[in-house]
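J.: Got a predicted structure here, sequence first:
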Amino acid sequence: GAGVSQSPSNKVTEKGKDVELRCDPISGHTALYWYRQSLGQGLEFLIYFQGNSAPDKSGLPSDRFSAERTGGSVSTLTIQRTQQEDSAVYLCASSPGPLTDTQYFGPGTRLTVL
Amino acid sequence: GQQVMQIPQYQHVQEGEDFTTYCNSSTTLSNIQWYKQRPGGHPVFLIQLVKSGEVKKQKRLTFQFGEAKKNSSLHITATQTTDVGTYFCAGSNAGNMLTFGGGTRLMVKP
């Protein structure tokens, strides 16, 4: 595809439910990043992948959050037992290779937990 | 770990006025990048600076990398309503992942 895509664009869920957010990076990009952005706030780093491995999981807020990447391409961010404080926009970005590369962001998934 | 701070957090300007946002790192950076996020949008890459003292221009935007490679600035001359958004700097050092600053939200009154 031409850019990073994310689905769904919007997700409304009830407290306690699990959600899965998907990211399709730019073809050929080896690095993939997940961020969380609350309304009017900055970018909170969650996790990054180099290929299929995630060397740095330090940003995940709790053990309810997990992520995986398969085939060096698509990534899924899973939030279990969602809480209201999980409501935010979840942004995915990819870059061609080194971690210092320019990051290309997707449009984000807006998650609302009722 | 590496920290990148931006000031101010918010800035209101009258259309036509100039605007500057500053980015400071706790460590020396190998490169710094700037991104713009329009309201309701996602961050979009603007530019990258790698050399000490480097200055780059994009139309009314001037980007500068400090001599010590620990700070950077973005200056917009004669702001327009299309400049509205949040400007993020992001720096990296020694091959580490980019660290984003908290962003500066620019609001322009027509």
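T.: Cool, got the structure.
J.: lowest-confidence helix or strand of the chain?
T.: Since no chain was named, I'll use chain A. strand A:53-56 (a mean of 86; mean pLDDT, DSSP states H and E).
J.: actually chain B
T.: strand B:99-100 (a mean of 92).
J.: quick one: the helix or strand that comes right after it near chain A?
T.: Sequence-wise, the next helix or strand downstream of strand B:99-100 (DSSP states H and E) is strand B:104-109. Yes - judged by CB under 8 Å from any CB of the partner chain, strand B:104-109 comes into contact with chain A through residue B:105. Every C-beta, even on glycine, is put in place using the N, C-alpha and C of the backbone.
J.: what's the spacing between strand B:104-109 and its chain's center?
T.: From the chain centre to the centre of strand B:104-109 is a distance of 13 Å (CA atoms, centre = their mean, to the nearest Å).
J.: Other residues contacting it?
T.: A:40, B:6-15, B:19, B:21, B:76, B:79-81, B:83-87 (CB atoms under 8 Å, 6 or more residues apart in numbering or on different chains).
J.: With just CA atoms, put the least confident helix or strand of chain A into PDB.
T.: C-alpha atoms of strand A:53-56 as PDB (Å, rounded to 0.1, in the frame of the first residue of the first chain):
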ATOM      1  CA  SER A  53      10.800  -9.400  17.500                       C
ATOM      2  CA  ALA A  54      10.100  -6.700  20.100                       C
ATOM      3  CA  PRO A  55      13.400  -5.800  21.900                       C
ATOM      4  CA  ASP A  56      11.700  -3.100  23.900                       C
END
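J.: on that earlier part again, in strands only, show me the contacts of strand B:104-109.
T.: Secondary structure from DSSP state E places B:6-7, B:10-14, B:19, B:21, B:76, B:85-87 of the contacts of strand B:104-109 in strands.
J.: Identify the farthest-apart pair in those residues.
T.: Within the ones in strands among the contacts of strand B:104-109, B:6 and B:14 form the most distant pair, 21.9 Å apart (CB to CB).
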